[in-house]
Every structure is written in structure tokens, then in C-alpha cells.
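Participant: with the sequence up front, the predicted model follows.
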Amino acid sequence: METKNKIKPIKSEQLKYLVSDVRAICNHYITENNLSVHAFAKQCAVHPNQMYMFLNNERGLNLTTVQKIGDLINK
């Protein structure tokens, strides 16, 4: 029987850094993959304006959107 790697939950103190961590991860992924913000947003199924505003610290993202981003980045 094959066992899957168990994912450790984040710690409660990490929640206060969640937005800045997601922003940094997105920027890193965009840079490493030579993508425009628009192309990255489309890959994540997020409206490009929403992504631009998030990356410029003008608005947030909901957790479902963050999960979509995680799915894309971890393919």
C-alpha cells in the first residue's frame, strides 16, 4: 500500500505573513518562468486586474484563489 506524503499544517503564527508570503511566491514564480503578470493571472484563472492589484498591495485575494495559485505553482 502506497502512503502519500503527509502535508504539515501551517502554524497559527504563520497566518500573519500569509499575504506577503503569497505575494513573494507569485513574484518569484513569474520571474523564474519569464511570465507577464497577465499571463500568470490567466494561468491561475484570476482576472489580470485582480492579480495586478494584489501584487501591488492594493487588494487581497480570497483563499480559494490562493489555492488555485498553489495548484498551478506545484504542478
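Facilitator: Sure, I can see it. Source: prediction; values computed, not measured.
Participant: run a quick neighbour tally on Asn57.
Facilitator: 10 (other CB atoms under 10 Å). Quick note: C-beta positions are derived from backbone N, CA and C, even for glycine.
Participant: what's the helix or strand for it?
Facilitator: Under the criterion of DSSP states H and E, Asn57 resides outside all helices and strands.
Participant: which residues touch the closest residue to it other than its chain neighbours?
Facilitator: Of all residues not flanking Asn57 in the chain, Arg23 sits nearest, at 7.3 Å (CB to CB, 6 or more residues apart in numbering). For Arg23, the set of contacting residues under the criterion of CB atoms under 8 Å, 6 or more residues apart in numbering consists of Phe54, Leu55, Asn57.
Participant: stretch 12-30: how far from the chain's middle?
Facilitator: Its chain's C-alpha centre and that of stretch 12-30 lie 7 Å apart, by CA atoms, centre = their mean, to the nearest Å.
Participant: from the middle of its chain, how far away would the longest helix seen in the chain be?
Facilitator: Criterion DSSP state H: the longest helix present in the chain is helix 18-32. Going by CA atoms, centre = their mean, the spacing between the C-alpha centre of helix 18-32 and its chain's C-alpha centre is 6 Å.
Participant: same check on stretch 33-51?
Facilitator: Between the centre of stretch 33-51 and the centre of its host chain there is 11 Å, according to CA atoms, centre = their mean.
Participant: what do you get for stretch 62-74?
Facilitator: Using CA atoms, centre = their mean, the offset of stretch 62-74 from its chain centre is 5 Å.
Participant: and if you look at stretch 46-56?
Facilitator: Stretch 46-56 has its average C-alpha position 11 Å from the chain's average C-alpha position, going by CA atoms, centre = their mean.
Participant: residues contacting it, please?
Facilitator: Applying CB under 8 Å, 6+ apart, the external contacts of stretch 46-56 come out as 23, 26-27, 37-38, 40-42, 44, 59-61, 65, 68-69.
Participant: which one of those is nearest Ser12?
Facilitator: Proximity of the contacts of stretch 46-56 to Ser12 (CB to CB) peaks at Gly60, which lies at 18.9 Å.
Participant: in which helix or strand would I find the closest one?
Facilitator: With DSSP H and E as the test, Gly60 turns up in no helix or strand.
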